[in-house]
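**Q** The sequence and its predicted three-dimensional model are supplied below.
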Amino acid sequence: MTAQSIEDLHAMIHSGHIDEMMAKTAVISPDDNRWKKIPELLIEAAEMRGDYQFLIRQGPAVLTHATNPEIRGPVAFALGIAYWRSGRFEDAKGAFSAVVEGRPESELADRAQGNIHEITHLRPGFLVPDFAARTSDGMTLSAAALRGKVVLLNFWASW
């Protein structure tokens, strides 16, 4: 089998050859530098299919054998996303925690920390976290004052 570039693998996703792309990634050595980018492709393919099982199978296999933290971080992060979107919240927190432990000062660790917070505190069915904010007319609005009321929150940003 010839070595596939990241661009080739990405093109396979968009041309509908997801199974072929997954088969080719399954045989790439865990310490191959392409694994720094492959997790993003696997998430994209999984999102297109609505099925994260390949990533859930392949991620731990790569993590078992990869020694490079620059590979382990993205793989663990992608595995966390796959677990999260599959409803396996504790497994997702574990995968994101591995990112934080393995690369604590990285942007990926910051994102993983945010995902852990969201899984722990902001899932559907959870109570709104306590907050207080000023309205445009200078009044204070708080979660406690709104308890028991139907509320539509419209978060807006200018970025």
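**A** Arrived safely. Residues are numbered from 1 along each chain as shown.

**Q** Poorly predicted segments of this protein, please.
**A** Where the chain drops to pLDDT under 70, the residues are 1-2, 157, 159.

**Q** what about the helices in it?
**A** Ranges of helices in the chain, per DSSP state H, are 6-14, 18-26, 38-49, 53-65, 69-85, 89-102, 107-121, 143-146.

**Q** Out of those, which is the most enclosed?
**A** Highest mean neighbour count of the helices of the chain: helix 69-85, a mean of 23 (counted as mean count of other C-beta atoms under 10 Å). Placement of C-beta: from N, CA and C, glycine included.

**Q** chain center to it, what's the gap?
**A** Put simply, helix 69-85 sits 7 Å off its chain's centre (C-alpha atoms, centre = their mean, to the nearest Å).

**Q** how big is the angle separating that helix from helix 107-121?
**A** Angle of helix 69-85 versus helix 107-121, following axes from the mean of the first three to the mean of the last three C-alpha atoms, to 10 degrees, is 20 degrees.

**Q** residues making contact with helix 69-85?
**A** Here helix 69-85 makes contact (C-beta atoms under 8 Å, 6 or more residues apart in numbering) with 30-31, 33, 35-40, 42-43, 46, 52, 55-56, 59-60, 62-63, 66, 89, 91-96, 98-99, 102-103, 106, 108-109, 111-112, 115, 119.

**Q** One more pass at 6 Å, please.
**A** 35-36, 39, 42-43, 52, 55-56, 59, 62-63, 66, 91-92, 95-96, 98-99, 102-103, 108, 112 (C-beta atoms under 6 Å, 6 or more residues apart in numbering).

**Q** Just the angle for that helix relative to helix 38-49, thanks.
**A** Using the same axes, to 10 degrees: helix 69-85 against helix 38-49 is 20 degrees.
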